[in-house]
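Trainee: Give me the fold of what follows.
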Amino acid sequence: MEQVAALVKEIEAFCRQAGLAETTFGRQAVNDGKLMRRLREGKGITLKTMERARAYMQNHASGNGAGAAGKLAQPTDRRSPGLARPIFTPVSPMPLTQRTDVLRAKRIEPGKPAGVEEGGREFRFYDNRQKYLMFVNTCNEKWVVAERVAKELALISPSPPAMRVFDAGMGDGSVVTQVMRRMHKRFPNVPFYIVGKEISLEDVRLTLEKLPDRFYEHPATAMVITNLYYTEAPWLSPRSLNAAAALNWKEVALTGDSAADYDEQIKDLQSFLADGWQAKASPKTGNPLYVRPSILVIYREDHKFMLDRVLPRRGQNDANYDLVIASQPYRARMPAQFKVEKVLAPLARALGPGGRMIVVHSAGDDPGLEIVRKIWPNEQPFITDRHTLLRVMKHELGKSERDLNFNTYADNRAIFQYHMHTLPTEIGEAIGTSTAFAAWNNSVYVAQIEDQRLEPVMKDGSYLEATREVLHKHGGLWFNDESFVISRRRK
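Mentor: This next block holds a predicted model:
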């Protein structure tokens, strides 16, 4: 898949600089107008086809070909008239024997993640805690996403015994706790059953810090936190027998009558968390895996009777969620097929009648991506939009989920912005280093640029000057997120 991702980037750069449509390239190079769409969807490609595509680019870039693609002398960017872009220089193809050793097969299989470092371990950008914390504390994405999710509440009518919510990746808990406030406002007397999936120990701790006030305001709340996989977490049931036998299940019935009482009891869970939320890296992908599957159930003791039909029990849990929140649940550069098969399809199957799943991911085409492209002009981290994902979803789910609706919505509803926090005086003639660095950090965080690519760039100050230039141009920094909804019809 690493080779496929590299090929997609080469073709994108070639087509932009040649003024050539991707479908035209596909037809002329390999007699397949749908080549790029297939690659982005994670389809396989033979080594022979890869060789033909690269040979076509190499021949036309050096002027050996005819037609539009051969005219690459000084291409002009249509978006910035008069600004010439660099001539496309194709990457020298890896020798066939070497590629065969890397791929160990005649065909590159879809669904395998890109970005493998030396030693075979995939780099996971979100494991970089410092970048994450700076992003969360200097941008309002969590607020804006929570606002977008809250709009779905008006379209939900929960059925007894509770309103059921699944958060597919809680992070620090900012989104789910803000949504819980909106839920209380709309459904003040309805019991809540909320399941949050999170494998990061530190994020679980940050989430727990925000919960005492939620239990005080809405006492009929059953809060469940788990480190299970996407294919397991909605049902709170490990798929393998060994994992099920080792399941670490803990229930905490909070006592007292104040948020301070609940806070003290939640803080006492640190030793349980340290043991239950240990993680290891997958030897194949580098993705974090749980060492031991763990489930933490928290509720108020004085509402246990009311929550009897709501509280989960080992091996007896349905999904049937009224609301599924999937905010940035996958790595942007992963193929569409991987995103659907490993994340989105299992979550869609977990929806109950009338349930709604809202998916949010980065969309690009914003000042943040402009900063990144000042350094890496051909960078394209956001390879699949909502239309592509929903096409793959329909194919993946097929006839087994006929009662699902796939809602892409128009851009004015699907795409929204969030901003980096700045003081009124920070974006002026002189932009301080701390502001510029925060903007740079947030831009490369959203674009998921790996550390090994950042190190040589950050040896001088040119990246900060590029960042300041974009901040001056736009008067600040913002990013675009894209959303879409999958809903299940009522019976």
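
Trainee: can we go C-alpha only for contacts and neighbour counts from here?
Mentor: OK.

Trainee: Tell me how the protein divides into domains.
Mentor: Here the domain parsing of the chain from automatic domain parsing is 2-105, 128-411+483-488.

Trainee: how about the ones you listed in TSV, adding mean pLDDT?
Mentor: Below are the domains of the chain laid out as TSV (pLDDT from 0 to 100):
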stretch	mean pLDDT
domain 2-105	63
domain 128-411+483-488	94
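
Trainee: okay, the ones you listed, which one's buried deepest?
Mentor: domain 128-411+483-488 (a mean of 18; mean count of other Cα atoms under 10 Å).

Trainee: Quick one: distance of it to the chain centre.
Mentor: 12 Å (Cα atoms, centre = their mean, to the nearest Å).

Trainee: what does stretch 462-471 give?
Mentor: Worked out by Cα atoms, centre = their mean, stretch 462-471 lies 26 Å from the chain centre.

Trainee: That stretch - what's its average pLDDT?
Mentor: Confidence for stretch 462-471, expressed as mean pLDDT, is 94.

Trainee: would you list the domains of the chain in TSV and tack on distance to residue 471?
Mentor: Formatted as TSV, the domains of the chain follow (distance: least, Cα to Cα, whole Å):
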stretch	distance to residue 471
domain 2-105	18
domain 128-411+483-488	8
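
Trainee: Residue 464 is nearest to which of those?
Mentor: domain 128-411+483-488 (9.5 Å; Cα to Cα).

Trainee: Tell me where the stretch 201-350 of the chain has helices.
Mentor: 201-209, 211-217, 241-245, 259-267, 270-276, 336-339, 345-349 (DSSP state H, counting those that start in this stretch).

Trainee: Check which helices and strands the first one sits against.
Mentor: Counting contacts by 3 or more Cα pairs under 8 Å, 6 or more residues apart in numbering; DSSP states H and E, helix 201-209 is packed against helix 259-267.

Trainee: Can you tell me how far the residue lying closest to residue 173 once chain neighbours are set aside is from residue 263?
Mentor: Leaving aside its chain neighbours, residue 173 sits nearest to residue 207 (4.3 Å; criterion: Cα to Cα, 6 or more residues apart in numbering). Going from residue 207 to residue 263 by Cα to Cα, to the nearest Å gives 12 Å.

Trainee: And for residue 278?
Mentor: From residue 278 to residue 263 the distance is 23 Å (Cα to Cα).

Trainee: Can you show me the helices along the stretch 51-200 of the chain?
Mentor: With DSSP H, counting those that start in this stretch as the criterion, the stretch 51-200 of the chain has helices spanning 96-103, 129-138, 141-150, 174-186.

Trainee: Tabulate these (JSON lines), appending distance to residue 356.
Mentor: Shown next, in JSON lines, are these (distance: least, Cα to Cα, whole Å):
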{"stretch": "helix 96-103", "distance to residue 356": "40"}
{"stretch": "helix 129-138", "distance to residue 356": "26"}
{"stretch": "helix 141-150", "distance to residue 356": "10"}
{"stretch": "helix 174-186", "distance to residue 356": "14"}
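
Trainee: Can you pull out the residues in contact with stretch 253-268?
Mentor: 208-209, 211-213, 215-216, 298-302 (Cα atoms under 8 Å, 6 or more residues apart in numbering).
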